[in-house]
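Enquirer: for reference, the sequence and a predicted model appear below.
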Amino acid sequence: MGLYATVMGGITEYTGLSPAAFFTILAMMAVVYKLVSGMFVAAGDYVAVKKANAYALREPVQLGENVTEEQLRGYDGSDPEKPLLMAIKGQIYDVSRSRMFYGPGGPYALFAGRDASRALALMSFDPRDLTGNIEGLNASELEVLQDWEYKFMEKYVKVGQLVGARKQTETEGAENGNKIQEDKQIEDNGAQQPPTSVCQ
Ligand code: HEM
Ligand SMILES: *[C@@H]1O[C@H](CO)[C@@H](O)[C@H](O)[C@H]1NC(C)=O
Ligand SMILES: *[C@@H]1O[C@H](CO)[C@@H](O)[C@H](O)[C@H]1NC(C)=O
């Protein structure tokens with residue numbers, strides 16, 4: 001407790017920022033650093049990157065509805081011959097076109113090959129939240145997750161489903177259709193932001 005208070009007090013004293021603002025800026029700097037450093041590749045990686053980019057232009061491969069978590073892990077981008085996949089609520093999306101986000105060295109590489117529902121709902125990079133288990137989340141956290149799901153449905157092709165994942169129902173599909181229209185309008189106005197406000 002004493003150390004914690006000292007550190008927090010020290011941050012305010014030396015930076016003039018509240019601890020929350022200080023850590024937000026720190027996190028932002030980390031994300032930007034990762035994004036920028038991801039833009040530069042070593043000469044030896046050039047062939048791999050070219051292959052991966054070619055992959056992003058291919059037709060997504062459908063994996064069916066009984067994909068295991070272990071199978072999904074194989075699509076984390078470490079093999080440039082394979083697409084880059086990520087799941088939300090058991091629904092698997094091909095995110096190959098966003099290799100700069102989810103590929104090796106990207107700021108969100110930890111989500112690749114996983115169902116990252118819990119991490120996205122909590123806006124957390126904690127490895128313990130890298131799971132599709134969304135038990136115990138409250139209404140606002142589930143809403144954040146829903147926003148992510150809409151974003152993925154709109155932006156990426158769904159290529160399969162994890163074993164035991166609930167199928168999306170017809171009505172859900174229809175609702176989503178409407179919501180996607182709304183989201184599209186927002187995006188057309190130039191607002192392309194992650195759906196929550198950790199970085200406001
Ligand atoms: C802390 C400051 C953060 C900053 C400055 C930041 C910045 C960004 C930016 C600029 C984008 C690109 C948006 C786009 O072009 O569509 C992005 C995308 C994304 N962010 Fe963050 N982010 C932050 C925190 C987080 C956190 C905490 C999470 C989740 C745990 C997260 C998850 C994502 C994901 C999954 C995408 C990619 C969405 C897609 O595939 O289009 N971000 N972020
Ligand atoms: C997936 O598994 C379920 C339950 O075991 C089974 O009913 C279904 O037919 C399987 N689907 C495919 C495409 O294999
Ligand atoms: C949900 O939990 C978060 C974090 O614990 C909290 O900030 C938020 O106010 C809660 N929302 C609701 C609707 O209970």
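Expert: Structure received. Ligands and ions are numbered 1, 2, ... in the order given.

Enquirer: I'd say G105 and V36 touch.
Expert: No: applying C-beta atoms under 8 Å, one finds G105 not in contact with V36, separated by 11.2 Å. From N, CA and C alone the C-beta is placed, and that goes for glycine too.

Enquirer: which one of the two has more residues nearby?
Expert: G105 (14 against 10; other C-beta atoms under 10 Å).

Enquirer: and the more buried one, how close does it get to ligand 1?
Expert: 15 Å (C-beta to the nearest ligand atom, to the nearest Å).

Enquirer: quick one: the helices in the protein, in order.
Expert: Secondary structure of the chain (DSSP state H): helices at 2-15, 19-38, 46-57, 69-73, 99-102, 117-122, 139-155, 170-188.

Enquirer: per-residue pLDDT, Y93?
Expert: Looking at Y93, its pLDDT is 98.

Enquirer: no wait, V31
Expert: V31 is given a pLDDT of 75.

Enquirer: what about stretch 94-112, distance to the chain center?
Expert: Here the centre of stretch 94-112 is set off from its chain's centre by 8 Å, with C-alpha atoms, centre = their mean, to the nearest Å.

Enquirer: what's the answer for stretch 84-96, then?
Expert: Worked out by C-alpha atoms, centre = their mean, stretch 84-96 lies 9 Å from the chain centre.

Enquirer: so how many other residues sit close to P83?
Expert: For P83, using other C-beta under 10 Å, the count is 22.

Enquirer: so it touches G74, yeah?
Expert: No: counting by C-beta under 8 Å, P83 does not reach G74; the two are 10.3 Å apart.

Enquirer: I'd say V61 and L84 touch.
Expert: No: in this structure, V61 is not within contact of L84 by C-beta under 8 Å, at 12.0 Å.
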